[in-house]
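>>> What follows is a predicted protein model with its sequence.
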Amino acid sequence: MEMFEYNERLGIPLPAFSKHWEEYPNEVQQQILSDWECIRGQIPDRIKHLEAIINKKQEQLNDEEDFELSCRLNEEISEIASIINDLWLWYRIDPHITEA
């Protein structure tokens, strides 16, 4: 039973449940939470990697004189910043086991 699906944009697996959380037995919920904690633990490293990419692009932008290329670099930086924001949102999710 696959509970997570790799998200290409974010670079991590995300929950992909086929039914409502409450419908899963307690043991399955516990396994899902355990798996999520492993995935969640990778998020800060992923963010750090993306921040390094942004820094490189900003260095390029500082030296760039071509307007079109500057616009493209700004767009790429914005997209990566959006990914970082989404990753932080996922990192802050604190699921819990349903009371039976």
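Yep, that arrived.
>>> ok, the most centrally placed residue in the chain to Asn7 distance?
In the chain, the C-alpha nearest the mean C-alpha coordinate belongs to Leu87, at 3.3 Å (CA atoms, centre = their mean). From Leu87 over to Asn7 the distance is 10 Å, taken as CB to CB, to the nearest Å. In this view, the C-beta of every residue, glycine as well, is placed from N, C-alpha and C.
>>> now Ser82
Distance of Ser82 to Asn7, given as CB to CB: 13 Å.
>>> isn't Ile53 right up against Ile80?
Yes. Using CB atoms under 8 Å, Ile53 is in contact with Ile80, at 5.9 Å.
>>> Could I get the buried residue list for the helix or strand containing Gln30?
For Gln30, the element it lies in under DSSP states H and E is helix 26-63. For helix 26-63, burial by neighbour count (16 or more other CB atoms under 10 Å) applies to 29, 32, 36, 40, 43, 46-47, 50, 54, 57, 61.
>>> what ranges of the chain fall below the confidence cut-off?
Residue ranges of the chain with pLDDT under 70: 1, 97-100.
>>> quick one, phi/psi of the residue of it positioned farthest from its centre?
Using CA atoms, centre = their mean, the residue of the chain lying farthest from its centre is Glu65. It sits 32.6 Å away. Dihedral pair for Glu65: phi -110, psi -20, per degrees, to the nearest 10.
>>> And for Ala16?
With angles defined as degrees, to the nearest 10, Ala16 sits at phi -140, psi 70.
>>> Go ahead and confirm it touches Glu5.
Yes. Contact status for Ala16 versus Glu5: in contact at 3.8 Å, counting by CB under 8 Å.
>>> Checking my notes, Lys19 in a helix, right?
No. Judged by DSSP: H, G, I helix; E, B strand; the rest coil, Lys19 forms no part of a helix; its state is coil.
>>> how near is it to Phe4?
Going from Lys19 to Phe4 by CB to CB gives 15 Å.
>>> who has more neighbours, these two?
A count of neighbours by other CB atoms under 10 Å puts Phe4 above the other of Lys19 and Phe4, at 16 against 7.
>>> Now do the contacts for that one.
Residues near Phe4 by CB atoms under 8 Å, 6 or more residues apart in numbering: 13-16, 35-36, 39.
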